[in-house]
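**Student:** I need the structure of the sequence given here:
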Amino acid sequence: MADDGNPWIVESIPGMVALLTPTGDLEILNRQLLDYFGQTLDELRDWATNGTIHPEDLSYVIEVFSRSIASGSPYEIVQRFRRSDGAYRWFENRGFPLRDATGQIVRWCVLLTDVDERKQAEEALRKSERQFRLLVDTVPALVWRGTARGELDYLNQRAVEYLGHTTQSLANGRWLELVHPDHRDATVQRWLHAVNTGTSYEDVYPLRRADGQFRWIQSVGEPFRDVDGRITQWYGVIVDIDDQKRTEDALRESERESRLIVDSIPGLVVALTPVGEVEFVNRQVFEYFGGPFERLKEWQAADMAHPEDLPRVIEIFSHSMATGDSFEFEVRARRFDGVYRWFQSRGFPLRDAHGQIVRWYNLLIDIDERKRAEAELRRAYNSFADAQRLSKTGSFITDLVGDDHNWSDEALRIFEFDPAKKVTVQAIRDVIHPEDVPVFEAAFKRAIEGLDVSLAYRIITAGGNVKHIRAVAHVTENMDGRPVFIGALQDVSAAKAAEQALNKAGAELAHVSRMTTLSALTASIAHEVNQPLSGIVTNAGTCLRMLDAVPPNIEGARETARRTIRDGNRAAEVIMRLRALFSKREFTLEPLDLNEATREVIALSSNDLQRNRIILQPDLADDLPTVTGDRIQLQQVILNLLRNGSDAMVDVQGRPRHLLIRTLREDGDRVRLTVRDAGVGLTPQGVDSLFDAFYTTKSGGMGIGLFVSRSIIERHHGRLWAEANEDGRGATFSFSVPCAP
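**Tutor:** Down below sits the predicted model:
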C-alpha cells in the first residue's frame, strides 16, 4: 500500500484508474486521475452533480452506470469529462467488477482512456464525407464508388434518380440486372478483369434507366490506392451517350447515297473501295489533313498517323479488308499544322443483296478532348477540381443577398473571369446574353426568395465567345435569415453545336427526298401547266379574230381577254405551289389548316392519279382544328403517302383502285391523317423495315421517303405508322400530330 492508503498497483497503471465499492461509491483514485480533474476524492464523489461530466452525457452515464451496478455486468461508455482547466475531453469509460472466491463483488475497477483526438478525427472524417457527398450530388453526372473487391457501395443522388435504385437495392452484384442481357457477360468479364488486375476500367453498354428504357452509357472507373499501393476503393462516373450513339448510327446510314449529306456530318468520313483504297472523303477530312486528294490516298506512307500507332493501325485495317469484319481503333492523326489529335476510327462494310462488299465507310471522331480528360482522371481521380475540368462543370457557394460568391477554378474558366477579381452579381449580369436576361432575372428572383433554381442560358464572355450554360443551385442553409446556395454550372456549348448540326443534316435529307419526287411528277406537272397555257393561246387567237371582225366584236373580245387572264392566274398558281413544295428552306413552324394543305397536294397530284386510274376519295373533317408545323414538310409527307398508295396499286387488276385520304380529330387534342390503299398489302416482316433508311420495295426507289417522313413527323412531336388492312387488300399509313395551343 502507498502512504495515502491506495493500493500500489493502481498508481503503477499507465492511465487514469479508480476503484469503487460494490455499491458504486468512489473509494480509491490514482494520481493521474486526480491531476486531470484537479479535485479531491471527496469532491469527485459528487460527480453526478458537480459538473464533472458534460451535461449532455450525464443522464445517459447515470442510466448505464446504475444498470451495471445493479446487475453486476461490466459497462463501457464514451463520454466527455471536464478537465481541471474547464475544457471537456472525450474519454472511454470502462468498468468491470472484481469478485472474491465465492463470486461476490468486492470492488469495481474503472479505467478511463482519453479518446478525444480519435473522436475529433472521426468527426472531421464524417464532416469531410458529408461535404464530399454534397459536392458529388451537385455535379450533373452519375458518380459511383466501389469497394476494393469491386462491390458497389455508393451512388450519388443523380445516379439514384437516373437508375431508379439505391445503393442498397443494387448491392451484392444486383447492379448487373440493369445491364442489357446481350451485354451482361462481357460487362462482367471486363469489370472482373479490372478488379483482379487493378487496371483502369472503361466499358460501353446499354443500361436500363428508371423508366425501363435501355440507353447506351459509358462507364469509367479508376482504383484509389493507399500509401502502400493497395487498392482501397474504386471511383467512377457514368455518362449517358445514347443520343451520341443514335446520332452516329443515323449519320452512318445517311452517308451511303448522298455526298451532300456526308459533308454535313460532324466528323471525318472516308469512303473506300472493297480492297481498301480511298475513294472519296468529306469536307471535314480536307479541312483537318489538308490536300491534295492524292496525298490522302497514300495515308499509310504520308505520316498522317502517329508513327507509334501506324503498325497497329495497318494490322487492324489489313485484317478487316481480308475478312470483311468491321474495325474500330483509336489513333493519333496528324493535323495539317503538325499537331496530333486522338481519333476514334470506325469502319463498316456496305454489302449488296448478295452479301458482297461494294464499299467501306470509315468514320473518324475527334476524341482528343475525351482522351485528355481520361488521362486527367487517371492521374488524379480523387481530386474534385480534376472532375470539374473533365465534365466542364464549375461549382459555387453563394450568398446572393450579401453578394458573396465562392467560385471554383472551372466556373471562373467557363465565364472567363479573372481569378484575381471578386465575382459579383453585376459581373454575372454583364455577361448574360441579352435575349436570356429575362430568364436569368426570373431565376434570380426565385433564389432571393430562398427557392432552389435550375435554368439554361447563354453568356457572352469578355473574349466574345458565346457559351451555353446549364446551372442548378440548392439552398443548403440560412445565414442570418439569408439563403446560402451550393450549385453547379456546366458549359454545354458542344452539345448544342452537335444538336444544330444534326438538325441541319435532317433538313438536307428532307430536301433531297422532295427533289427525288419531282421527276416522278413531271408528267402531272406538265399537264397542270399546259392546260391553262393552251387556254391562253386559244383565247388570244379568238380575241384577235373578234377584233378583226367588221364591225369588231368588242364585248366578245373583252370576255375572251378575261378568260385569258383567268388561265394565266391558274398557271401562276401551279408554278407557285411547285416552287413552295420544292424550295430549300429552314424548318419553320406556323399555324396551318391540315385540310387546306392536303387539298393543295391533291390538286398537284390529281392528273398523275388519273393517269394511273386511281379513284381518290377525300374525306376531310369539317371541324378539324389547326396544327402548328412546317407547311412544306408536312405536305411532303402527305405527297409521299399518296404516291406510295398509288404505286402500290399499279399492278392491281380486276378491282377498283380506291385510294382514301381522311382527316379526323383524335382524343387528347391531336389530329390524324390517314391514307388507305387497295394495293398489294404488307407482310409482317415488311412492316418492321418500312421506315428504315434505304429500304424500298420499288425497283427504282431510293428508300428514303418513309424514313424522311417519319423524321419530319417526329420533329413535329407526332407519330407515323403503317398497318395492313383487315381484308388483306392494301395497307393504311397514318400520322398524328398535336393541335396548335
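
**Student:** got phi/psi on Gly221?
**Tutor:** Backbone geometry at Gly221, expressed as degrees, to the nearest 10, gives phi -140, psi 150.

**Student:** that one: neighbouring residues, count only.
**Tutor:** Residue neighbour count, defined by other Cβ atoms under 10 Å, stands at 23 for Gly221. (C-beta placed from N, C-alpha, C; glycine too.)

**Student:** surely it and Arg145 touch.
**Tutor:** No. Between Gly221 and Arg145 no contact is recorded; they are 9.3 Å apart, counting by Cβ atoms under 8 Å.

**Student:** residues shared between the contacts of those two?
**Tutor:** Between them, Gly221 and Arg145 share the neighbouring residues 234-236, with contact defined by Cβ atoms under 8 Å, 6 or more residues apart in numbering.

**Student:** among those, which ones are in strands?
**Tutor:** Mapping the shared contacts of Gly221 and Arg145 onto strands (DSSP state E) picks out 234-236.

**Student:** let's have the residues you listed in TSV, adding pLDDT, distance to Cys543 and neighbour count.
**Tutor:** Compiled in TSV, those are given as follows (pLDDT from 0 to 100; distance: Cβ to Cβ, whole Å; neighbours: other Cβ atoms under 10 Å):
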residue	pLDDT	distance to Cys543	neighbour count
Trp234	90	92	25
Tyr235	87	89	19
Gly236	88	85	22
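
**Student:** what bridges to Leu620?
**Tutor:** Leu620 has the following beta-bridge partners by DSSP bridges: Thr663.

**Student:** for it, which residues are in contact?
**Tutor:** 595, 598-599, 661-663.

**Student:** please pick the buried ones from those.
**Tutor:** 595, 598, 661-663 (16 or more other Cβ atoms under 10 Å).

**Student:** so where's the stretch 201-350 of the chain uncertain?
**Tutor:** 251-262 (pLDDT under 70).

**Student:** and the helices in it?
**Tutor:** Using DSSP state H, counting those that start in this stretch, the helices assigned to the stretch 201-350 of the chain run over residues 242-254, 259-264, 283-289, 293-297, 310-323.

**Student:** can you tell which of those is closest to Lys392?
**Tutor:** Ranking those by their distance to Lys392 (criterion: Cβ to Cβ) puts helix 242-254 first, at 15.6 Å.

**Student:** list the buried residues in stretch 733-741.
**Tutor:** For stretch 733-741, the buried set under the neighbour-count rule, 16+ other Cβ under 10 Å, comprises 733-739.

**Student:** one more: stretch 269-277?
**Tutor:** Within stretch 269-277, the residues that count as buried by 16+ other Cβ under 10 Å are 269-272, 274, 276.

**Student:** go on, stretch 275-295?
**Tutor:** In stretch 275-295, the ones that count as buried by 16+ other Cβ under 10 Å are 276, 278, 281-282, 284-286, 288-289.

**Student:** first-to-last residue distance for it?
**Tutor:** For stretch 275-295, the first and last residues are 18 Å from each other (Cα to Cα, to the nearest Å).

**Student:** show residues contacting it.
**Tutor:** Residues outside stretch 275-295 that contact it (Cβ under 8 Å, 6+ apart) are 259, 262-263, 265-273, 296-297, 299, 302, 304, 317-318, 321, 333-336, 359-360, 364.

**Student:** ok, stretch 417-427 next?
**Tutor:** When contacts are taken as Cβ under 8 Å, 6+ apart, the neighbours of stretch 417-427 outside the stretch itself are 400, 403, 405, 407, 409, 412, 444.

**Student:** count of neighbours near Gly150?
**Tutor:** Here the neighbour count serves as a burial measure; for Gly150 (other Cβ under 10 Å) it reads 17.

**Student:** setting aside sequence neighbours, what's the nearest residue to it?
**Tutor:** Taking Cβ to Cβ, 6 or more residues apart in numbering, and ignoring the residues beside it in sequence, Gly150 has Val195 as its nearest neighbour in space, at 3.8 Å.

**Student:** surely that neighbour is within a helix?
**Tutor:** Yes. When DSSP: H, G, I helix; E, B strand; the rest coil is applied, Val195 is found to be in a helix.

**Student:** can I get the buried residues of stretch 275-295 in JSON lines including distance to Glu726?
**Tutor:** As requested, the buried residues of stretch 275-295 are arranged in JSON lines below (distance: Cβ to Cβ, whole Å):
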{"residue": "Gly276", "distance to Glu726": "52"}
{"residue": "Val278", "distance to Glu726": "53"}
{"residue": "Val281", "distance to Glu726": "51"}
{"residue": "Asn282", "distance to Glu726": "47"}
{"residue": "Gln284", "distance to Glu726": "50"}
{"residue": "Val285", "distance to Glu726": "52"}
{"residue": "Phe286", "distance to Glu726": "55"}
{"residue": "Tyr288", "distance to Glu726": "56"}
{"residue": "Phe289", "distance to Glu726": "58"}
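
**Student:** closest one to Gly654 out of those residues, please.
**Tutor:** Relative to Gly654, and with distances defined as Cβ to Cβ, the nearest of those is Asn282, at 50.7 Å.

**Student:** roughly how far apart are the closest one and Met321?
**Tutor:** Between Asn282 and Met321 the distance is 21 Å, computed by Cβ to Cβ, to the nearest Å.

**Student:** repeat for Leu19
**Tutor:** Noted for Leu19: a distance of 90 Å to Met321, by Cβ to Cβ.

**Student:** my read: Ser605 touches Leu641, true?
**Tutor:** No. Under the criterion of Cβ under 8 Å, Ser605 is not in contact with Leu641, lying 10.7 Å apart.

**Student:** which neighbours do the two share?
**Tutor:** Taking Cβ under 8 Å, 6+ apart as the contact rule, Ser605 and Leu641 have no neighbour in common.

**Student:** the two: which has the busier surroundings?
**Tutor:** More neighbours sit around Leu641 than around the other of Ser605 and Leu641, counting by other Cβ under 10 Å; the figures are 27 against 21.

**Student:** wait, Ser736 sits on Thr674?
**Tutor:** No. Shown here, Ser736 and Thr674 do not form a contact pair, counting by Cβ under 8 Å, at 9.4 Å.

**Student:** farthest-apart pair in the contacts of Leu620, please.
**Tutor:** Arg599 and Arg662 (13.3 Å).

**Student:** what is the least confident helix or strand in the chain?
**Tutor:** Comparing every helix and strand of the chain by mean pLDDT, DSSP states H and E singles out helix 493-520 as the least confident one, with a mean of 59.

**Student:** ok, longest strand in the chain?
**Tutor:** Assigned via DSSP E, the chain shows its longest strand as strand 466-479.

**Student:** now what about that strand, what contacts it?
**Tutor:** Outside of strand 466-479, the residues within contact range by Cβ under 8 Å, 6+ apart are 134, 138, 140, 396-399, 414, 433, 447, 450-461, 483-493, 495-496.

**Student:** residue ranges of the helices in the stretch 501-650 of the chain, please?
**Tutor:** When assigned using DSSP H, counting those that start in this stretch, the helices of the stretch 501-650 of the chain occupy the ranges 522-548, 554-581, 594-611, 631-648.

**Student:** how far is the last one from where the chain is centred?
**Tutor:** In this case it means helix 631-648. In terms of Cα atoms, centre = their mean, to the nearest Å, the centre of helix 631-648 is set 34 Å apart from its chain centre.

**Student:** Phe343 is in contact with Ala333, correct?
**Tutor:** Yes. Under the criterion of Cβ under 8 Å, Ala333 lies in contact with Phe343, with a separation of 4.9 Å.

**Student:** mutual contacts of those two, please.
**Tutor:** Leu364.

**Student:** does Ser326 touch Ser345 like I think?
**Tutor:** No. Between Ser326 and Ser345 there is no contact, the gap being 11.1 Å when judged by Cβ under 8 Å.

**Student:** these two: which has the busier surroundings?
**Tutor:** Between Ser326 and Ser345, counting by other Cβ under 10 Å, Ser345 is the more crowded of the two (21 against 11).

**Student:** and that one, how far from Pro307?
**Tutor:** Distance from Ser345 to Pro307, counting by Cβ to Cβ: 17 Å.
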